[in-house]
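# Fold the stuff below for me.
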Amino acid sequence: MHLLWFYVAIVLAISDILHTTLMWKVLNNFYIVLGGLIQQTTKTTWQTWLAHEIMEAGFHLVVLSIVFLNPIVGILAALIHFVIDITHTVLIRNMGELEHRALHFVVESLFFIIIFGL
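Here you go, the predicted model:
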């Protein structure tokens, strides 16, 4: 139980890579069409982007809930990942892939240390 925070952060990082790979390499055409449909139903680019982030959080919720057989872990993981994505997109404009992954891992690790490590 002492390393649960670490396992959740690792699985969340893997889930993020899995999401990116599935959506941009495997289901690319579907993802572009889905993005177009969402853009037509929303009024602004911000709403379209927010819809994307909510769907990504849903993906993480499902993956982590299944891996840990615990929906609470899935909800917490999806929530913290969503908050980090929103925050760094608004506050930090130019971020490379390595910096993006490192930011997520550090903040998510700290979040889960606070929840599960104390």
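# Which residue ranges of the protein form strands?
With DSSP state E, there are no strands along the chain.
# which residues touch the lowest-mean-pLDDT helix or strand in it?
For the chain, counting by mean pLDDT, DSSP states H and E, helix 28-41 ranks last in confidence among helices and strands (a mean of 83). Contacts with helix 28-41, where a contact means Cβ atoms under 8 Å, 6 or more residues apart in numbering, come from M23, W24, T45, T48, A51, H52. For every residue, glycine as well, the C-beta is placed using N, CA and C.
# just the helices in this protein please.
Remark: helices assigned in the chain by DSSP state H are 4-21, 28-41, 45-68, 71-91, 97-112.
# looking at these, which has the lowest confidence?
Note on the helices of the chain: lowest mean pLDDT is at helix 28-41, with a mean of 83.
# For that helix, buried residues please.
Y31, G35, I38, Q39 (16 or more other Cβ atoms under 10 Å).
# residue contacts, M95?
Residues near M95 by Cβ under 8 Å, 6+ apart: H88, L103.
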